[in-house]
Each structure stands twice: as structure tokens, then as C-alpha cells.
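*Asks:* Sharing a sequence plus its predicted fold:
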Amino acid sequence: MPRPDLFGPALSIKDFRKLIKQCYRSVKPGGWVEFQDWDGYPSSADGSFNGTALQRYFDELNGAFEEAGDEVRPGPRLEQWFKDAGFVNIHVEQFVIPYGIWPKDPHLKKVGAWNQAQGEANGCEGAALAALTRYKQWTKEEVVVLASQARADGRKRDIHSFFNL
């Protein structure tokens, strides 16, 4: 099944642990390896994400891909996987990527607007259709309703969701 762009590199690598071990075996002493990925599940610092259709969307979608054996949340595990492979001097930087235009900070508002635009344009409904109809036996109509509700929640300024990159 072609992987939707919504999840980027997360779904394009089947076995992160194996890849990182291959990197360790391939890099010369003093060399370095860099990975950038994210947690494919949003959250909110104030709890405003909890109980929303947006949360249900990610619960269902991530659950479907995980049941299919895909790694949709590599970001939070990368540091440990690098340690397990034998790497030392591991440096981790974490960035908050808002979803939507809710942030007060002008830069984060712009980042959130772009994140929301790419999420909606690159597969909110398509990703859900692919995963939920194949792995969870949802009907197309059920998926369309959930995706529509999630998009609506993503546009609400009182839902302060973000991803960790």
C-alpha cells in the first residue's frame, strides 16, 4: 500500500532499529549520523486536545497503522534506539510544531498554519481512508465523517494541539 505523506518518514522506514544498527556498523570512528523525525501523535500542554475528534482521528489512524506493523511514532524512541545500537555522544533537540493558528507567537502561528495546511492538503482524509478501510473495516462514509470532524477541530483556536519534532 502506498504510504500517505501525512506521516512523512515515519511510515517509510519499516524497521528503525535495524536501520540504526546498519548506520552504526557503517559509520567510521569520529563520524556521525543524523536522524530527524517526529512523534506522529499530537498532544496539548493544557489538555485541550483530549476528547476531541482530532484526538479520535489520531487514535484510530495510528492504531490502524500500528496494527499493520508500521512505526508511526519513531521520534520519541530514536534516542534509545541509538543508544541500543552503540552510539555515544547522542544529541537530541526537540521542537514543538503547532497544528493550527492558535499560538500567540507570530512565528509559531505561521508554522502552525503551514502544518495545518499540509496536513489537510496531504492526506487527512486519504490517510484515514487507506488505513481505516483496510485495517479497521470502516466504511468510506464513516472515515469521511471522522476526517471532516478532525479538520474542523484542527481549525479551532481553543484546541492547542502540537507535534514534537
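*Replies:* Done, it's in. Computed from a predicted model, the values in this text were never measured in an experiment.
*Asks:* And for this structure, the residue most distant from the center?
*Replies:* Computed with C-alpha atoms, centre = their mean, the maximum C-alpha offset from the centroid of the chain is found at Pro29, amounting to 32.2 Å.
*Asks:* And the pLDDT for that residue?
*Replies:* Predicted confidence (pLDDT) at Pro29: the value is 90.
*Asks:* what about it, which SS state?
*Replies:* What DSSP: H, G, I helix; E, B strand; the rest coil gives for Pro29 is coil.
*Asks:* and the gap between it and Val88?
*Replies:* According to C-beta to C-beta, to the nearest Å, Pro29 stands 11 Å off from Val88. Backbone N, C-alpha and C define where each C-beta goes, glycine included.
*Asks:* cool, and Arg77?
*Replies:* Relative to Val88, Arg77 is positioned 18 Å away (C-beta to C-beta).
*Asks:* how about the worst-scoring helix or strand of the chain on mean pLDDT: buried residues?
*Replies:* Taking mean pLDDT, DSSP states H and E as the measure, the helix or strand of the chain with the lowest value is helix 124-135, at a mean of 88. Using 16 or more other C-beta atoms under 10 Å as the test for burial, helix 124-135 gives 124-125, 127-132, 135.
*Asks:* circling back to that earlier point, when Arg77 and Val88 are compared, which one has more neighbours?
*Replies:* When Arg77 and Val88 are compared for neighbours, Arg77 comes out ahead with 15 against 6, by other C-beta atoms under 10 Å.
*Asks:* looking at it, that one is touching Phe35, isn't it?
*Replies:* No - the pair Arg77 and Phe35 fails to qualify as a contact (C-beta atoms under 8 Å) at a distance of 10.7 Å.
*Asks:* And stretch 93-100, what's buried?
*Replies:* Buried residues in stretch 93-100, counted by 16+ other C-beta under 10 Å: 97-100.
*Asks:* Spatially central, which residue of the chain would that be?
*Replies:* For the chain, the residue whose C-alpha lies nearest the mean C-alpha position (C-alpha atoms, centre = their mean) is Gly40; its distance is 1.7 Å.
*Asks:* Okay, and it sits in which element?
*Replies:* With the criterion set as DSSP states H and E, no secondary-structure element contains Gly40; it sits in neither a helix nor a strand.
*Asks:* ok, it to Gln94 distance?
*Replies:* Using C-beta to C-beta, we find Gly40 at a distance of 15 Å from Gln94.
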